[in-house]
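[1] would you be able to build a 3D model of this:
(one chain, ligands or ions: 1)
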Amino acid sequence: MVEKECRGHVVVLPYPSQGHINPLLQFAKRLASKGVKATFATTHYTFKSICAANVGVEPISDGCDEGGFTQAGNEELYLKSFKANGSRTLSQLIQKFQDSKSPVTCVVYDSFLPWALDVAKQHAIYGASFFTNSATVCNIFCRIHHGLLSLPVKLEDVPLLIPGLPPLNFPDLPSFLRLPESYPAYLAMKLSQYSNLDMADWIFSNTFEELEGEEAKGISELWPAKLIGPMVPSAYLDGRIEDDKRYGASLWKPIGEECMKWLETKAPKSVVYVSFGSMVSLTAEQMDEIAGGLKESGLPFLWVVKESEHGRLPDGFVESAKEKGLIVRWCNQLELLAHPAICCFVSHCGWNSTLEGLSLGVPMVGVPQWADQLTDAKFVEGIWRVGLRAKEDEKGVVRKEELVMCLKQVTTEGEKSREIKKNANKWRELAKKALGEGGSSDKRINEFVEQLILRANESYDQKREAAAAAKDIPNGHH
Ligand code: UDP
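    Numbers count the residues shown, from 1 in each chain. Just a heads-up that it's a prediction; the model follows:
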């Protein structure tokens, strides 16, 4: 019997950190919900942390199978090892499906891993680059790659005037622009995203038309991205993917029940949720100020302090904060943000956290630390106006008085907090609409799926014809 329509098979390849796995896995789930076969290809080290309905998971190697990133020693060595081992094992994975009922039609790869496009092309299949940063940040780095903006950006160069973007001042720029020497391997990686993009069949960006249409348009000739975000589990947006409340990936064990139970004891819209994402490591001085600010604000708070940072909490803080605060190593951030007791999100403004705050309509206080977080925080405060950015002092530290003042403005009834709440609701509705039936992002995803179906059927027809032709060839032995 001839098999029914084949809707294509995508292999989705993330950079193996929490902030990259989450949106790419969500994209895989979204494609699967539209009938495409989706296989998530992730490193051996992260493989066991992933579990998502309707998405297959397959391991590939970054050459650091036992210890992941830390095994490599540094970023440069890691990326080199990932490229060599990843190319080989991704190729093997594509090969493995070659003669199955659903050969791979397309590799959707994290833009941090441009070598995956070369692998896709070696196998004559589609390649799609998935950018996990804001369109604004992509606009900026694309310009640097093409020599339209040179580094370092100096004080006399600001405000930077870039097509599609608001004027950007020194504190709003991704930190690598001011200090290109600070993390050369990261900067090189950010720029390499654009190195072979002209070969890509699609470019996807985890943002949406209503949020960053102009920012993307400002660079569309060099970076013609389809805006398909926000890649946040469906339960918080359109609800069209059944039972989709979590990303389905957690590199650390989340403390769930304790958080929920604790939140149940709190009044609606009374608790500040504090998290600096998976990568940032605060200095002891900054931890001290955050701790002091939270205590002084008098507001109940739930603070995610990673294992590696615990030693930097002020002495006795955990004990003394017991009444008002809960400190956990890791949690399911979305479930907490969605809880009715939460009134404010103190965030480092990583792009996923920013999109989550926007999608769930939670007012924010940005305490950005480095890289793109500075730019995201600028937009949170100045463009989308869903929160405030806490200002740092000349030492680069946000003092407790500043944090208290921001928390006060965001959480106590007044003109500012009303404006922020109104905007937070507005963006939540727009995010829902973008991914809902017929919304801007939904349309872009559907167009992609249509192309995948076309290609899958073409190759299916070709195979069938080839098989039929082979049958017709007279057998030489007779
Ligand atoms: N996150 C989480 N639990 C935590 C803290 C963070 O699940 O306790 C998730 C968060 O929801 C987000 C991701 O980890 O999806 C962090 O990504 P982001 O881009 O915000 O920051 P990064 O970790 O890359 O700096």
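[2] could you show which parts of this structure are in contact with the ligand?
    Contact residues, the chain versus the ligand (C-beta under 6 Å from any ligand atom): 18-19, 22, 275, 277-280, 304, 330-334, 350-353, 356. No exception for glycine: its C-beta is placed from N, CA and C like everyone else's.
[3] contacting residues for whichever residue of the stretch 1-150 of the chain sits closest to the ligand?
    In the stretch 1-150 of the chain, the residue that lies nearest the ligand is residue 19 (2.3 Å; C-beta to the nearest ligand atom). With contacts defined as C-beta atoms under 8 Å, 6 or more residues apart in numbering, residue 19 is in contact with 132, 277, 278, 279, 350, 351, 352.
[4] try it again with 7 Å
    132, 277, 278, 350, 352 (C-beta atoms under 7 Å, 6 or more residues apart in numbering).
[5] CSV for those, including distance to residue 102, neighbour count and secondary structure?
    CSV is the format used below for the contacts of residue 19 (distance: C-beta to C-beta, whole Å; neighbours: other C-beta atoms under 10 Å; DSSP: H, G, I helix; E, B strand; the rest coil):
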residue, distance to residue 102, neighbour count, secondary structure
132, 26, 30, coil
277, 36, 20, coil
278, 33, 20, coil
350, 34, 25, coil
352, 30, 25, helix
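[6] could you measure from the residue nearest to residue 374 when sequence neighbours are not counted over to residue 133?
    Closest residue to residue 374 apart from its sequence neighbours, by C-beta to C-beta, 6 or more residues apart in numbering: residue 368 at 4.7 Å. Counting by C-beta to C-beta, to the nearest Å, the gap from residue 368 to residue 133 is 14 Å.
[7] next one: residue 452
    25 Å.
[8] and residue 40, helix, strand or coil?
    At residue 40 the chain is in strand, as set by DSSP: H, G, I helix; E, B strand; the rest coil.
[9] CA atoms of stretch 208-227 as CSV?
    Written as CSV, here are the backbone C-alpha positions of stretch 208-227 (Å, rounded to 0.1, in the frame of the first residue of the first chain):
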residue,chain,number,x,y,z
PHE,A,208,7.3,38.4,16.5
GLU,A,209,6.2,41.0,14.0
GLU,A,210,4.3,43.2,16.4
LEU,A,211,7.2,43.3,18.9
GLU,A,212,10.2,43.7,16.6
GLY,A,213,8.9,44.0,13.0
GLU,A,214,10.7,47.3,12.4
GLU,A,215,13.9,46.1,14.0
ALA,A,216,14.0,43.1,11.7
LYS,A,217,13.0,45.1,8.7
GLY,A,218,16.0,47.4,9.3
ILE,A,219,18.3,44.6,8.3
SER,A,220,16.1,42.4,6.1
GLU,A,221,18.3,42.6,3.0
LEU,A,222,21.1,41.0,4.8
TRP,A,223,19.1,39.0,7.3
PRO,A,224,15.7,38.0,5.8
ALA,A,225,14.4,36.3,8.9
LYS,A,226,10.9,34.9,9.4
LEU,A,227,9.7,36.0,12.9
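[10] show residues contacting it.
    Under C-beta under 7 Å, 6+ apart, the answer for stretch 208-227 is 131, 134-136, 138-139, 142-143, 146, 162-165, 202-205, 207, 229-230, 430-431, 434, 440-441, 444.
[11] circling back to that earlier point, how near is the residue nearest to residue 374 to the ligand?
    Noted for residue 368: a distance of 10 Å to the ligand, by C-beta to the nearest ligand atom, to the nearest Å.
[12] state the helix or strand in which the residue of the stretch 1-150 of the chain closest to the ligand lies.
    helix 18-33 (DSSP states H and E).
[13] which residues touch residue 111?
    So residue 111 contacts 129, 130, 131, 193 (C-beta under 7 Å, 6+ apart).
[14] check which strands are paired with the strand or helix carrying residue 203 and give the direction for each one.
    Using DSSP H and E, residue 203 sits in strand 202-205. Note on strand 202-205: by DSSP bridges, its sheet partners are strand 126-131 (parallel), strand 226-227 (parallel).
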